[in-house]
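1. From the sequence below, what's the structure:
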Amino acid sequence: MPFSETFDEVFKHAITPAAESRGYHCERMDQVAGTINLIHEMIKNIYEADLIVADLTSKSANVFYELGVAHSVPVPNKVVMIAQQDEEIPFDIGPYQVLKYNRSYEGIVSLREGIAQRIEFIETNSDSTTNPVQDFLQKQENRPKQKIVPLSDSKEDPLTRLYISQIRLSLLHYLNNPMHSGLTITNICRALGIQRRKFGVLVLQELVNDGLIEREKKNQRVIWRISAKGKVILGKLGKLIDSRIELSGSKK
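-> Numbers count the residues shown, from 1 in each chain. Next comes the predicted model:
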């Protein structure tokens, strides 16, 4: 968004609390401390961010340039677009969802809720596109699908891989409790103390792909529960651990 006091209430009372309610740390470039190359830092942050919110109000040239950069990032669904109610949206992005708002108290509250719901959609619909660049790339003929590298096979350091394995096991045990069935990503991450939210999201997706947990859309939200296959695997894992404990205590 433009660096102007006019937009401060939108940033402080709508965007930031909506992002933080979903476990994100929210930052605007004018808040970055120290002497930096602003352009370099802006591009770097756009490429590394898990999520970007762009306010298109007033059609700022800088904002639209940064939006174009964000739309070109290889990972789709990273951008939430918002604009004031009477703002005309350029035809390039007209077909894509832009959350409209007014600056009344009720309008800011509604915007906060809308952004939070949009984040939930983005996290759980990684295959769909929300901007024209990604839409074009996805529709190219004979374009090979991008292979998602499992976190366990990624180039993360050994300690991080161990942390990911712990998250995977903790998620299965947690969702195996019927009382925990139907929770959102935010609730699950908070309950398990998962600090790096993106790992929680990716591990959940991997477990869905492996058929160990199930997800269901309900009332504009996505809920998660362990599958029958997941319960079987968890049971076998428990027996394997018990047998190893018995072996380690037996005499040769």
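
2. Show me the domain layout of the protein.
-> 5-139, 151-249 (automatic domain parsing).

3. Let's test this: mean pLDDT of the first one, rounded?
-> Mean pLDDT, taken over the full extent of domain 5-139, equals 86.

4. same check, this time on stretch 193-200
-> 72.

5. hey, where'd the helices end up in this structure?
-> Counting by DSSP state H, one finds helices in the chain at the ranges 8-10, 16-21, 38-48, 61-72, 105-124, 132-139, 158-175, 185-192, 197-209, 228-249.

6. who's in contact with residue 192?
-> 167, 170, 171, 174, 200 (CB atoms under 8 Å, 6 or more residues apart in numbering). Yep, even glycine has a C-beta here, placed from its N, CA and C like the rest.

7. no no, residue 29
-> With the criterion set at CB under 8 Å, 6+ apart, residue 29 makes contact with 3, 38, 41, 42, 45.

8. For it, give its distance to residue 115.
-> Per CB to CB, to the nearest Å, residue 29 is found 19 Å from residue 115.

9. Same question for residue 68.
-> From residue 68 to residue 115 the distance is 21 Å (CB to CB).

10. Who has more neighbours out of these two?
-> The neighbour comparison of residue 68 against residue 115 (other CB atoms under 10 Å) goes to residue 115, with 24 against 12.

11. And residue 90, its phi and psi?
-> phi -60, psi 150 (degrees, to the nearest 10).

12. so what's it up against?
-> By CB under 8 Å, 6+ apart, the neighbours of residue 90 are residue 59.

13. and the gap between it and residue 81?
-> With CB to CB as the criterion, residue 90 and residue 81 are 11 Å apart.

14. rewinding a little: distance to residue 97 added to the helices of the chain, as JSON lines?
-> What follows is the helices of the chain, written out as JSON lines (distance: least, CB to CB, whole Å):
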{"stretch": "helix 8-10", "distance to residue 97": "18"}
{"stretch": "helix 16-21", "distance to residue 97": "15"}
{"stretch": "helix 38-48", "distance to residue 97": "20"}
{"stretch": "helix 61-72", "distance to residue 97": "14"}
{"stretch": "helix 105-124", "distance to residue 97": "8"}
{"stretch": "helix 132-139", "distance to residue 97": "13"}
{"stretch": "helix 158-175", "distance to residue 97": "30"}
{"stretch": "helix 185-192", "distance to residue 97": "20"}
{"stretch": "helix 197-209", "distance to residue 97": "20"}
{"stretch": "helix 228-249", "distance to residue 97": "33"}
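
15. Quick one: closest of the ones you listed to residue 95.
-> Residue 95 lies closest to helix 132-139 among the helices of the chain, at 7.8 Å (CB to CB).

16. buried ones in the closest one?
-> Judged by neighbour count using 16 or more other CB atoms under 10 Å, the buried positions of helix 132-139 are residue 134.

17. how many degrees apart are it and helix 61-72 in direction?
-> Angle of helix 132-139 versus helix 61-72, following axes from the mean of the first three to the mean of the last three CA atoms, to 10 degrees, is 20 degrees.

18. Just give me how far helix 132-139 sits from the chain centre.
-> Here helix 132-139 is found 20 Å from its chain centre; the criterion is CA atoms, centre = their mean, to the nearest Å.

19. circling back: minimum distance to residue 94: which of the helices of the chain has it?
-> Closest among the helices of the chain, using CB to CB: helix 132-139, at 9.8 Å.

20. Can you list the helices and strands that the closest one packs against?
-> helix 61-72 (3 or more CB pairs under 8 Å, 6 or more residues apart in numbering; DSSP states H and E).

21. show me where pLDDT drops low in the stretch 151-252 of the chain?
-> 151-157, 181-183, 195-198, 217-222, 239-252 (pLDDT under 70).
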